[in-house]
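> quick one: sequence plus predicted model below, questions after.
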Amino acid sequence: MVTVDRSSPLPLWAQIADDLRTRLLAGDFEEHFPTDDELTRSYGVSRHTAREAVRKLSEEGLLRRQRGRGTRLARPVLEQPLHSMYSLASSISAQGLEERSEVISAEVATCPSEGATLLHLSDANRAIYVERLRFAGDEPIAWDRSWLPVEIAGGLLDVDLTSGSIYDVLLERCSTRVTGGWERVSPVLARPRERQLLRLPEGVALFSIERLAMAGDTPVEWRRTLIRGDRYCLLASWPAGTSASA
């Protein structure tokens with residue numbers, strides 16, 4: 001049993017919340033967060049007191065309570081403004097998490113016909129193919145598959161792609177700056193391999209993101225990304241004074 005100070009002016013629920021917060025940030029509950037009954041027994045307090053402590057941590061964004069599914073650790077959600085292309089590397093780093101990639105493939109390969117058309121490929125649709133599993137801390141968050149013209153991006157095959165943005169490498173090693181493009185975002189259900197690869201929790205869908213990146217008028221990358229729906233959201237905003245109807 002964890003001792004609480006019943007003579008302290010600090011309410012019992014606040015003491016418990018402080019203790020749980022410290023343990024959460026230390027990584028104590030990665031596998032399982034205690035139920036209300038377990039907290040009641042551990043701290044020797046009423047169920048109401050235990051729930052009040054959990055409610056406080058939920059308000060702080062550290063926990064998420066779901067009816068029928070108990071209390072879980074709340075993972076940071078990456079917000080993507082709709083007016084710009086997302087940078088996963090920057091979004092992860094902004095959350096204070098380690099950004100890294102597991103490079104599954106980096107080679108010259110045949111690009112699917114859809115991408116080959118968008119990239120204006122010739123030479124039997126051969127392209128630089130880069131496949132990466134993207135991580136936020138120890139957790140996989142996205143699966144990227146990129147195709148780039150060989151004559152533009154050949155230098156990528158000689159570079160460490162286990163962290164950072166592929167566009168930074170394009171600029172540094174290939175003298176190509178991405179200046180624009182477009183994205184198409186759709187919700188999709190995960191297939192078994194995708195669910196396993198991304199360690200996707202039950203009941204969570206994916207966002208499918210198709211991207212064409214441009215350097216001026218030249219297409220330089222066609223990308224297909226699957227990103228976890230529990231860790232990503234789209235954010236729309238509009239300036240003050242904008243008229244709207246609902």
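It's in. Numbers count the residues shown, from 1 in each chain.
> what does the domain assignment say about the chain?
The chain breaks down by automatic domain parsing into domains covering 12-73, 78-235.
> rank those domains by pLDDT, which is bottom?
Confidence, taken as mean pLDDT, is least for domain 12-73 of the domains of the chain (a mean of 81).
> distance from the chain centre to that one, please.
Relative to its chain's centre, domain 12-73 lies at 24 Å (CA atoms, centre = their mean, to the nearest Å).
> ranges for the helices of the chain?
Under the criterion DSSP state H, the chain contains helices at 12-25, 36-43, 47-59, 88-94, 113-119, 150-153, 166-174, 192-197.
> and of those, who's closest to residue 208?
With respect to residue 208, and counting by CB to CB, the nearest of these is helix 192-197 at 10.0 Å. Glycine gets a C-beta too; all of them are placed from N, C-alpha and C.
> buried residues, the closest one. List them.
194, 197 (16 or more other CB atoms under 10 Å).
> among the helices of the chain, which is nearest residue 3?
Per CB to CB, nearest to residue 3 of those: helix 36-43, 8.4 Å.
> turn the domains of the chain into a markdown table, including distance to residue 5.
Formatted as a markdown table, the domains of the chain follow (distance: least, CB to CB, whole Å):
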| stretch | distance to residue 5 |
| --- | --- |
| domain 12-73 | 7 |
| domain 78-235 | 32 |
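> between those, which one is closest to residue 6.
domain 12-73 (7.1 Å).
> follow-up on the earlier one: adding distance to residue 218, write the helices of the chain out as TSV.
Output for the helices of the chain, formatted as TSV (distance: least, CB to CB, whole Å):
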stretch	distance to residue 218
helix 12-25	46
helix 36-43	59
helix 47-59	49
helix 88-94	23
helix 113-119	9
helix 150-153	8
helix 166-174	12
helix 192-197	31
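> got the contact list for the nearest residue to residue 45 once chain neighbours are set aside?
For residue 45, ignoring the flanking residues on the chain, the nearest one in space by CB to CB, 6 or more residues apart in numbering is residue 12 at 5.4 Å. Neighbouring residues of residue 12 by CB atoms under 8 Å, 6 or more residues apart in numbering: 4, 6, 43, 45, 49.
> in JSON lines, list those along with distance to residue 137 and neighbour count.
Rendered in JSON lines, the data for those read as follows (distance: CB to CB, whole Å; neighbours: other CB atoms under 10 Å):
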{"residue": "4", "distance to residue 137": "31", "neighbour count": "18"}
{"residue": "6", "distance to residue 137": "37", "neighbour count": "9"}
{"residue": "43", "distance to residue 137": "29", "neighbour count": "22"}
{"residue": "45", "distance to residue 137": "32", "neighbour count": "20"}
{"residue": "49", "distance to residue 137": "32", "neighbour count": "21"}
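> residue 219: which of the helices of the chain is closest?
Of all those, helix 113-119 comes closest under CB to CB, at 4.9 Å.
> what sits up against the closest one?
Contacts for helix 113-119 (CB under 8 Å, 6+ apart): 111, 121, 125, 127, 147, 148, 149, 212, 219, 220, 221, 222.
> ok, 10 Å please
For helix 113-119, contacts defined as CB atoms under 10 Å, 6 or more residues apart in numbering pick out 110-112, 121-122, 124-127, 129, 145-149, 152, 210, 212-213, 218-224.
> now, of those, which are buried?
The neighbour-count criterion (16+ other CB under 10 Å) marks 111, 121, 125-127, 129, 145-149, 152, 210, 212-213, 219-224 among those as buried.
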